[in-house]
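K.L.:
Need coordinates for the below:
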Amino acid sequence: MATRIGEKENSFLLKINTYNAYATEAALRKEIVKKMGQGLAGGKYTIDVPDRTEARLESTLPGLIRIGKNPKSEWAYFAFDCKESMERAQLFLTEMTGKRSQKWEITAGAQQDLDYFKKKRERDAEKSQKRKKYDSIREFTEPLHDQPYEAQLEKKKSNLIGTLRDMKTAIKKAWSHHPPTYLQDKPKIELEQLIPSPTINGYRNKVELTCGFGKTNEPTIGFLFGKTENEMGWIEEPYEMTIINDSMKSIIKHFSATLKETASTYPCYDKMSHTGMWRGMQIREGEESNNQVFMVEIQVNIPVSEIDGEKWTDLAGIVKASLTQLPSVVSIYMTSHTVLNNMVNEETSTTKLIHGQQFVYITALEKRFKISPRSFFQVNSRGNEVLLQAIRQYADLTENTVLLDLCCGTGTIGISLAKYVKRVVGVDMVASAIDDAKENAVRNNVTNTEYICGKVEDVIYAIKNSFSATDHVVAIVDPPRCGLHAKVLYFLRDSPINKFVYVSCRQQSLVQNTTLLTKPTSNNIIGAPFVPTKSLGVDLFPHCDQQEMVVLFERHMPTVGSEPVDEV
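P.N.:
As a prediction, this is how the structure comes out:
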């Protein structure tokens, strides 16, 4: 376990002004390692930095115990185990520069700084003791499973009302110096309704699991549970969970038996030692002639360079022999995944079809959508149809509308609404999702769509140039949990868009985005602010403490001269 600042009474502390209030501890580490590779301080600190900068700073600054930094402060603290280590490191750190090439300002940390970190650690430990402890993976992933569905909806409705309250507070703070007319009382936005899910149990069409070891060290498949500061935890099986359907559970149980049978030759992956083969499993549900069919992906700890090698071929044979016994499994993939974290993506992993059909299909509002291993699609298929209808209601589409489908995934929203608009332009950063969106448009005979692969914030301004003066531009944004990138928010402000629909899966991010969307015009923020005018919720996640929120933002056009512009 890493030593913390202030944990050792004899810690030697450097207090450094980095002149960068927004740099995180991780960013400082990368920058220092980068500078070391350039041979600063007279060549005394020159190291070979690998392409993937995973070099541990502690090994390059001997005696370093820890770095501490608040991302909102310019000050950072470097704690060392002895005076000699601190003085040696100081020779190099004095060569570091912050913004505007200002050299770091270094002083010796005072005892009061050590006392601060010690007290902070004690407060954090106290909070950790008060944090809710879960007795099972079901209690953690389905915290509302023991409540009647009506009670779940009331709790979620209360969550959404709280979000609106936070949005109103954010808007008032943004306009604190000179509130406009529509804020003199309070923002008028209220929650219109919370629409329940058509399916309450077994609704998930996708489940991602980890291969590992149970509490008694037997190989199994499920969810990582019991992880603490000092322990890696264990894998708990998902068979009691309500949100996973029985067919998926049968697939999991079947392949779990295969893991046990092959454990002596190919054990499950051990993250601590980075050894073992079986890493993870993803199951995606499709529909075929009104029957359930499944795509299964197995992730293995084999480098990309060894795909189709002897070990890969042997594992693929085991996977096929096991899963082809299940008639509902129509597509089997295997993925090379060797990075430490469990997140599988196209940049760090390579996925190959080893049996069956390349895709499965899901229907939404009479349209048929192709699903590949990395495609984004709402996990509740029938609930997704309810969400699409709510989006259409708020967007107020016409035959002159150009619909921007930002973070479009496989094109579900744009293709479902294409018949109501002049043109659809979709953007997503996942190449396979864009390929699927294009094919989905062709498959559904939709001819007025265009799909672009790239980060929304990188391509959005090029899209802006394609609008004509007569286009009625409406955007639909369905961002990931982190919310919209600042560049997208600035684009929305400085665009011909007068309304857009925000689909939020994490309401904290929506509140954060609301601040920039609704701020008064300034030298930095061009374009009239938006105002949230309508909102509703859709419950896509029964038994879980989550919900989707749909908010309509419309442009607020102040009367000329009635509301001042901020100077920045």
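K.L.:
Please, which helix or strand holds Ser432?
P.N.:
helix 431-443 (DSSP states H and E).
K.L.:
Now do the helices in this structure.
P.N.:
Here the chain has its helices, by DSSP state H, at 25-37, 57-60, 83-93, 111-130, 137-141, 149-174, 246-261, 310-323, 381-395, 412-417, 431-443, 456-464, 486-493, 507-518.
K.L.:
I figured Phe213 hits Lys271, correct?
P.N.:
No: the criterion here is C-beta atoms under 8 Å, and Phe213 misses it with Lys271 at 10.4 Å. C-betas here are computed from N, CA, C, even on glycine.
K.L.:
Show me which of these two is the more surrounded one.
P.N.:
Phe213 (20 against 15; other C-beta atoms under 10 Å).
K.L.:
and the more buried one, what are its bridge partners?
P.N.:
Taking DSSP bridges as the rule, Phe213 bridges to Pro219.
K.L.:
At the geometric centre of this structure, which residue do we find?
P.N.:
Arg481 (4.7 Å; C-alpha atoms, centre = their mean).
K.L.:
measure that residue to Ser504 for me?
P.N.:
9 Å (C-beta to C-beta, to the nearest Å).
K.L.:
Over to Gly409?
P.N.:
Taking C-beta to C-beta, one finds Gly409 at 15 Å from Ser504.
K.L.:
neighbour-wise, which of the two wins?
P.N.:
Shown here are Gly409 and Ser504; by other C-beta under 10 Å, Ser504 has more neighbours (25 against 21).
K.L.:
didn't the more buried one look like it was pressed against Val551?
P.N.:
Yes: between Ser504 and Val551 a contact is recorded at 6.9 Å, counting by C-beta under 8 Å.
K.L.:
Overlap in contacts, the two.
P.N.:
Residues touching both Ser504 and Val551 (C-beta atoms under 8 Å, 6 or more residues apart in numbering) are Leu510.
K.L.:
show me where pLDDT drops low in the stretch 401-550 of the chain?
P.N.:
Within the stretch 401-550 of the chain, no stretch has pLDDT under 70.
K.L.:
Please disregard the earlier target; I meant the stretch 1-150 of the chain.
P.N.:
Checking the stretch 1-150 of the chain against pLDDT under 70 turns up 1-11, 36-60, 109-118, 120-121, 124-132.
K.L.:
right, so of the helices of the chain, which gets closest to Asn291?
P.N.:
Within these, the stretch nearest Asn291 is helix 246-261; the backing value is 10.1 Å (C-beta to C-beta).
K.L.:
So which elements touch that closest one?
P.N.:
strand 206-213, strand 219-225, strand 278-288, strand 291-300, helix 310-323 (3 or more C-beta pairs under 8 Å, 6 or more residues apart in numbering; DSSP states H and E).
K.L.:
what packs against the second one?
P.N.:
Using 3+ C-beta pairs under 8 Å, 6+ apart as the contact criterion, the secondary-structure elements in contact with strand 219-225 are helix 137-141, strand 206-213, strand 234-236, helix 246-261.
K.L.:
Looks like Ile16 contacts Glu105 (just checking).
P.N.:
Yes: using C-beta under 8 Å, Ile16 is in contact with Glu105, at 6.8 Å.
K.L.:
of those two, who's got more company?
P.N.:
Neighbours per residue (other C-beta under 10 Å) separate Ile16 from Glu105, with Ile16 holding more: 24 against 14.
K.L.:
How about the more buried one: which residues does it bridge to?
P.N.:
Ala76, Ile106.
K.L.:
With distance to Ile235 and mean pLDDT as new columns, can the helices and strands packed on helix 246-261 be given to me in a markdown table?
P.N.:
Listed next are those as a markdown table, based on distance: least, C-beta to C-beta, whole Å; pLDDT from 0 to 100:
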| stretch | distance to Ile235 | mean pLDDT |
| --- | --- | --- |
| strand 206-213 | 4 | 94 |
| strand 219-225 | 5 | 92 |
| strand 278-288 | 11 | 95 |
| strand 291-300 | 14 | 96 |
| helix 310-323 | 18 | 96 |
